[in-house]
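Colleague: I'd like to go over a predicted model; first the sequence, then the structure.
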Amino acid sequence: MYPRPYVILNVAMTADGKTDTLARRGAIISSELDMERVDRLRAASDAVMVGGNTLLGDDPRLLVRSPELRKERLAHGMSENPIKVAVVTRADLASDSRFLNYGPARIIIFTTHQTSERQIDALRKRDVQVYVFGEKRVDLVAAFDELGKVGVKKLLVEGGGTLNEELLKQAMVDEINVYIAPMIFGGSSAPTFASGPGLEREAAILLKLSDIHPYKDGGIVLRYVVLKNV
C-alpha cells in the first residue's frame with residue numbers, strides 16, 4: 001500500500017444546501033471571487049478528481065485558469081495543470097469530450113468492468129491511463145493506492161454528491177471547503193453536497209471548523225477538518 005493523498009473535498013452550494021437546481025443542468029453557484037479561490041486550490045493540487053455524474057453530465061475541463069498560476073506550477077517543476085482524475089462506473093465519454101480534449105494534462109480514469117473493452121482501448125489509444133477496479137462500483141481504496149503510486153500527495157475532489165458521500169463514509173477525506181452562495185434553489189429532489197442513502201445520527205461524520213472567510217458579495221467559505229476515529 002502506498003500513502004494515500006491528502007484529500008480536500010470542495011463544494012459550492014446554496015444557502016439551502018443545494019449544489020444544482022431541480023433541472024440538474026450544472027447551474028452556476030460560485031461567484032467570480034470563489035472561482036478564483038478554486039483555481040488556487042487546483043493550482044496547489046497534484047490531481048483533481050470528479051465522479052461519474054459530474055464527468056458525463058458537466059464534462060468539466062478541470063484546468064487551472066490563471067496563466068500566472070500555471071507559470072508558478074511550471075517554475076516549481078510541476079506540470080502546467082494537475083492530473084485529471086475520474087471515478088466512473090461506465091466510462092462512456094464522447095470523443096470530443098472537454099475532459100479528454102482540453103489540456104495539457106495527464107488523465108487517469110478509474111472504472112469498472114461495465115465499461116466495454118472497446119471503449120477502454122479507445123481511451124488508452126489517447127494516452128488516457130485507465131484502471132478497471134471493480135465489477136459494479138469502483139474500488140476507491142485501490143484507486144487511491146494507485147494515485148499514491150504515481151506520486152499524488154494532494155488531491156482536490158470536486159464531487160458530485162455520490163462520490164462525496166462514499167469518500168466520507170470510507171474516511172478518505174481530510175478537509176472540506178464549502179462555499180455557501182447567498183441564494184436559494186429549493187426542490188426536494190435537487191442535488192445536495194452528499195447524496196446516497198444517508199447516515200443515522202450516531203454514524204454522523206463529525207467536522208471541526210478551522211476557518212471562515214466571508215466575501216463582500218455575500219458568499220462565505222467555510223473550511224472544516226474531518227475528525228477521525230471519534
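Modeller: Okay, I see it.

Colleague: would you point out the helix or strand in this protein whose mean pLDDT is lowest?
Modeller: helix 52-58 (a mean of 91; mean pLDDT, DSSP states H and E).

Colleague: can I get the next helix or strand after that helix as PDB, trimmed to CA atoms?
Modeller: Next helix or strand after helix 52-58 toward the C-terminus (DSSP states H and E): helix 67-75. Extracted C-alpha coordinates of helix 67-75, given in PDB (Å, rounded to 0.1, in the frame of the first residue of the first chain):
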ATOM      1  CA  PRO A  67      -1.800  31.900 -16.600                       C
ATOM      2  CA  GLU A  68       0.100  33.200 -13.600                       C
ATOM      3  CA  LEU A  69      -0.700  30.100 -11.500                       C
ATOM      4  CA  ARG A  70       0.200  27.800 -14.400                       C
ATOM      5  CA  LYS A  71       3.600  29.600 -14.700                       C
ATOM      6  CA  GLU A  72       4.100  29.200 -11.000                       C
ATOM      7  CA  ARG A  73       3.500  25.400 -11.200                       C
ATOM      8  CA  LEU A  74       6.000  25.100 -14.100                       C
ATOM      9  CA  ALA A  75       8.500  27.200 -12.100                       C
END
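
Colleague: what's the average pLDDT for stretch 97-108?
Modeller: The average pLDDT within stretch 97-108 is 96.

Colleague: contacting residues around the least confident helix or strand of the chain?
Modeller: Contact with helix 52-58 is made by 24, 26, 50, 60, 86-90, 92-93, 99, 158-163, as judged by Cβ atoms under 8 Å, 6 or more residues apart in numbering. C-beta: built from backbone N, CA, C; applies to glycine.

Colleague: so what's Y131 closest to, chain neighbours aside?
Modeller: Residue nearest to Y131 in three dimensions, not counting chain neighbours: F110, with 5.2 Å by Cβ to Cβ, 6 or more residues apart in numbering.

Colleague: distance check, that neighbour against L140.
Modeller: Using Cβ to Cβ, to the nearest Å, F110 is found at 8 Å from L140.

Colleague: quick check, distance from the helix of greatest length in the chain to the centre of its chain.
Modeller: Longest helix of the chain, by residue count under DSSP state H: helix 32-43. How far helix 32-43 lies from its chain's middle: 14 Å, per Cα atoms, centre = their mean, to the nearest Å.

Colleague: same question for stretch 99-119.
Modeller: A distance of 15 Å separates the centroid of the chain from that of stretch 99-119, by Cα atoms, centre = their mean.

Colleague: could you pull out the helices for the chain?
Modeller: 32-43, 52-58, 67-75, 98-101, 117-125, 140-149, 161-169.

Colleague: could you dump those helices to TSV with mean neighbour count and distance to E202?
Modeller: Output for these, formatted as TSV (neighbours: other Cβ atoms under 10 Å; distance: least, Cβ to Cβ, whole Å):
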stretch	mean neighbour count	distance to E202
helix 32-43	17	32
helix 52-58	20	29
helix 67-75	13	43
helix 98-101	18	39
helix 117-125	13	41
helix 140-149	18	23
helix 161-169	21	14
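
Colleague: among those, which is nearest M183?
Modeller: For M183, the closest of those is helix 32-43, at 12.5 Å, according to Cβ to Cβ.

Colleague: cool, thanks, signing off.
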